[in-house]
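1. build me a structure from this.
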Amino acid sequence: MANRKSETERFLIVIDESLASKRALDYAARVIGGCRRFAIILLHLLPPLPPELLESGGAENPRKEQKIEAELRGEQRTWIDSAKKSAKTSLATAVRQLHKAGVPREDIHITFSDPGTDRDAAIAVLEQARGRRCHTVVIGHASHSWFRELAGGDLTEHLLRRGKGFTVWVVQ
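-> Take a look at the predicted model:
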(Lines give C-alpha, C1' and ligand atoms only; values in the text may rest on other atoms or scores of the structure.)
Protein backbone atom coordinates (compact mmCIF):
# COMPACT_ATOMS: atom_id res chain seq x y z
CA MET A 1 0.00 0.00 0.00
CA ALA A 2 1.41 3.39 -1.02
CA ASN A 3 2.15 5.94 1.64
CA ARG A 4 -0.70 8.47 1.45
CA LYS A 5 1.59 11.29 2.61
CA SER A 6 3.80 10.92 -0.48
CA GLU A 7 0.88 11.14 -2.94
CA THR A 8 -0.08 14.34 -4.67
CA GLU A 9 -3.40 15.68 -3.41
CA ARG A 10 -5.54 17.04 -6.23
CA PHE A 11 -8.02 19.88 -5.90
CA LEU A 12 -10.61 20.66 -8.55
CA ILE A 13 -11.52 24.36 -8.55
CA VAL A 14 -14.63 25.31 -10.51
CA ILE A 15 -13.97 28.57 -12.33
CA ASP A 16 -16.16 31.06 -14.14
CA GLU A 17 -16.10 34.86 -14.41
CA SER A 18 -18.21 35.43 -11.28
CA LEU A 19 -17.12 37.21 -8.11
CA ALA A 20 -18.00 34.05 -6.15
CA SER A 21 -15.57 32.06 -8.29
CA LYS A 22 -12.84 34.64 -7.70
CA ARG A 23 -13.38 34.39 -3.93
CA ALA A 24 -13.14 30.59 -4.10
CA LEU A 25 -9.88 30.86 -6.03
CA ASP A 26 -8.52 33.42 -3.53
CA TYR A 27 -9.33 31.11 -0.65
CA ALA A 28 -7.80 28.04 -2.29
CA ALA A 29 -4.66 30.01 -3.21
CA ARG A 30 -4.23 31.14 0.41
CA VAL A 31 -4.75 27.63 1.81
CA ILE A 32 -2.79 25.62 -0.77
CA GLY A 33 -0.22 28.18 -1.92
CA GLY A 34 3.34 27.24 -1.03
CA CYS A 35 2.42 23.72 0.06
CA ARG A 36 4.07 20.75 -1.58
CA ARG A 37 2.36 17.76 -3.18
CA PHE A 38 -0.72 19.58 -4.39
CA ALA A 39 -2.06 19.70 -7.93
CA ILE A 40 -4.79 22.08 -8.99
CA ILE A 41 -7.29 21.31 -11.73
CA LEU A 42 -9.11 24.43 -12.92
CA LEU A 43 -12.46 23.38 -14.38
CA HIS A 44 -14.30 25.94 -16.44
CA LEU A 45 -17.92 24.90 -16.84
CA LEU A 46 -19.13 25.85 -20.26
CA PRO A 47 -22.81 26.71 -20.49
CA PRO A 48 -25.01 24.26 -22.37
CA LEU A 49 -25.19 24.45 -26.13
CA PRO A 50 -27.97 26.71 -27.39
CA PRO A 51 -31.12 24.75 -28.33
CA GLU A 52 -30.64 25.46 -32.03
CA LEU A 53 -27.29 23.62 -31.92
CA LEU A 54 -28.63 20.47 -30.26
CA GLU A 55 -30.43 18.80 -33.15
CA SER A 56 -30.86 19.27 -36.84
CA GLY A 57 -34.17 19.08 -38.61
CA GLY A 58 -32.95 16.03 -40.47
CA ALA A 59 -33.62 15.06 -44.06
CA GLU A 60 -35.24 12.24 -45.98
CA ASN A 61 -32.15 11.65 -48.12
CA PRO A 62 -29.37 9.87 -46.13
CA ARG A 63 -26.58 11.82 -47.86
CA LYS A 64 -28.29 15.12 -47.18
CA GLU A 65 -28.84 13.98 -43.58
CA GLN A 66 -25.11 13.28 -43.21
CA LYS A 67 -24.28 16.70 -44.62
CA ILE A 68 -26.70 18.43 -42.27
CA GLU A 69 -25.33 16.52 -39.27
CA ALA A 70 -21.73 17.36 -40.25
CA GLU A 71 -22.66 21.04 -40.51
CA LEU A 72 -24.32 20.90 -37.10
CA ARG A 73 -21.22 19.30 -35.52
CA GLY A 74 -19.09 22.03 -37.14
CA GLU A 75 -21.34 24.74 -35.70
CA GLN A 76 -21.16 23.07 -32.28
CA ARG A 77 -17.33 22.96 -32.42
CA THR A 78 -17.24 26.62 -33.43
CA TRP A 79 -19.54 27.58 -30.54
CA ILE A 80 -17.48 25.54 -28.05
CA ASP A 81 -14.18 26.99 -29.34
CA SER A 82 -15.60 30.49 -28.97
CA ALA A 83 -16.80 29.76 -25.41
CA LYS A 84 -13.36 28.38 -24.49
CA LYS A 85 -11.65 31.40 -26.03
CA SER A 86 -13.79 33.78 -23.99
CA ALA A 87 -12.80 31.87 -20.82
CA LYS A 88 -9.05 32.17 -21.46
CA THR A 89 -8.66 35.53 -19.70
CA SER A 90 -10.20 34.36 -16.43
CA LEU A 91 -8.26 31.09 -16.59
CA ALA A 92 -4.97 32.87 -17.28
CA THR A 93 -5.66 35.17 -14.33
CA ALA A 94 -6.38 32.13 -12.13
CA VAL A 95 -3.14 30.42 -13.18
CA ARG A 96 -1.12 33.60 -12.44
CA GLN A 97 -2.80 33.97 -9.06
CA LEU A 98 -2.10 30.37 -8.05
CA HIS A 99 1.48 30.60 -9.27
CA LYS A 100 1.99 33.86 -7.35
CA ALA A 101 0.64 32.08 -4.24
CA GLY A 102 3.34 29.43 -4.62
CA VAL A 103 1.74 26.69 -6.73
CA PRO A 104 4.20 25.60 -9.45
CA ARG A 105 2.81 26.09 -12.97
CA GLU A 106 3.36 22.42 -13.78
CA ASP A 107 0.94 21.55 -10.96
CA ILE A 108 -1.86 23.67 -12.45
CA HIS A 109 -4.03 22.07 -15.12
CA ILE A 110 -6.96 23.48 -17.09
CA THR A 111 -9.97 21.56 -18.31
CA PHE A 112 -13.44 22.34 -19.62
CA SER A 113 -16.79 20.64 -19.33
CA ASP A 114 -18.31 19.36 -22.55
CA PRO A 115 -21.51 21.29 -23.22
CA GLY A 116 -22.51 18.70 -25.82
CA THR A 117 -22.59 15.77 -23.41
CA ASP A 118 -22.53 17.27 -19.90
CA ARG A 119 -26.24 18.04 -19.48
CA ASP A 120 -26.02 18.19 -15.68
CA ALA A 121 -23.31 20.53 -14.35
CA ALA A 122 -23.11 18.88 -10.92
CA ILE A 123 -22.55 15.45 -12.46
CA ALA A 124 -20.02 16.98 -14.89
CA VAL A 125 -18.05 18.47 -11.97
CA LEU A 126 -18.07 15.23 -10.02
CA GLU A 127 -17.11 13.16 -13.07
CA GLN A 128 -14.21 15.52 -13.77
CA ALA A 129 -13.12 15.29 -10.12
CA ARG A 130 -13.37 11.50 -10.15
CA GLY A 131 -11.60 11.17 -13.49
CA ARG A 132 -8.73 13.37 -12.36
CA ARG A 133 -8.52 11.68 -8.95
CA CYS A 134 -9.45 14.82 -7.02
CA HIS A 135 -10.78 14.37 -3.50
CA THR A 136 -11.63 18.03 -2.96
CA VAL A 137 -13.87 20.29 -5.05
CA VAL A 138 -13.70 24.04 -4.47
CA ILE A 139 -16.56 26.23 -5.69
CA GLY A 140 -17.82 29.72 -5.04
CA HIS A 141 -21.33 29.95 -3.68
CA ALA A 142 -23.71 31.63 -6.13
CA SER A 143 -21.49 31.13 -9.15
CA HIS A 144 -22.74 29.71 -12.46
CA SER A 145 -26.03 31.59 -12.67
CA TRP A 146 -26.93 29.76 -15.90
CA PHE A 147 -27.06 26.51 -13.92
CA ARG A 148 -29.63 27.95 -11.51
CA GLU A 149 -31.85 28.83 -14.44
CA LEU A 150 -31.61 25.34 -15.95
CA ALA A 151 -31.72 23.16 -12.86
CA GLY A 152 -33.93 25.20 -10.60
CA GLY A 153 -31.31 25.39 -7.87
CA ASP A 154 -27.79 26.32 -6.98
CA LEU A 155 -24.89 24.25 -8.33
CA THR A 156 -23.28 24.16 -4.89
CA GLU A 157 -26.43 22.64 -3.38
CA HIS A 158 -26.48 19.97 -6.08
CA LEU A 159 -22.79 19.21 -5.48
CA LEU A 160 -23.29 18.89 -1.75
CA ARG A 161 -26.20 16.48 -2.24
CA ARG A 162 -24.48 14.34 -4.87
CA GLY A 163 -20.84 14.67 -3.82
CA LYS A 164 -20.60 11.56 -1.69
CA GLY A 165 -16.93 10.66 -1.24
CA PHE A 166 -15.71 14.19 -1.99
CA THR A 167 -14.82 17.10 0.22
CA VAL A 168 -16.62 20.16 -1.14
CA TRP A 169 -15.38 23.60 -0.14
CA VAL A 170 -18.11 26.14 -0.71
CA VAL A 171 -16.67 29.63 -0.44
CA GLN A 172 -19.13 32.40 0.38
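2. only C-alpha atoms for contact and neighbour calcs from this point on.
-> OK.
3. give me the low-pLDDT residue ranges for this protein?
-> 1-6, 57-59, 118-119, 142-153 (pLDDT under 70).
4. and the most centrally placed residue in the chain, backbone torsions?
-> Closest to where the C-alpha atoms of the chain average out (Cα atoms, centre = their mean) is L43, at 2.9 Å. Per-residue torsions, L43: phi -110, psi 120 (degrees, to the nearest 10).
5. ok, it - contacts?
-> L43 makes contact with L12, I13, V14, I15, I110, T111, F112, S113, V125, according to Cα atoms under 8 Å, 6 or more residues apart in numbering.
6. same thing but 6 Å
-> The contact partners of L43, taken as Cα atoms under 6 Å, 6 or more residues apart in numbering, are I13, V14, I15, T111, F112.
7. in the residues you listed, find the pair that's most separated.
-> The distance between the two most remote of the contacts of L43 (Cα to Cα) is 11.4 Å, for I13 and F112.
8. which one of the two has more residues nearby?
-> Set I13 next to F112 and count neighbours by other Cα atoms under 10 Å: I13 wins out with 27 against 18.
9. who is that one paired with across the strands?
-> On the basis of DSSP bridges, I13 is bridged to L42, V138.
10. which ones are touching it?
-> Taking Cα under 6 Å, 6+ apart as the test, what I13 contacts is L42, L43, V137, V138.
11. pick the one among the residues you listed closest to Y27.
-> Of all the contacts of I13, Y27 sits closest to V138, with 9.1 Å by Cα to Cα.
12. distance of that closest one from L12?
-> In this view, V138 and L12 are 6 Å apart by Cα to Cα, to the nearest Å.
13. compare the two (neighbour count), which wins?
-> Shown here are V138 and L12; by other Cα under 10 Å, L12 has more neighbours (27 against 22).
14. just confirm I80 is within a helix.
-> Yes: under DSSP: H, G, I helix; E, B strand; the rest coil, I80 sits within a helix.
15. if anything else comes up later, I'll come back, but that's it for now.
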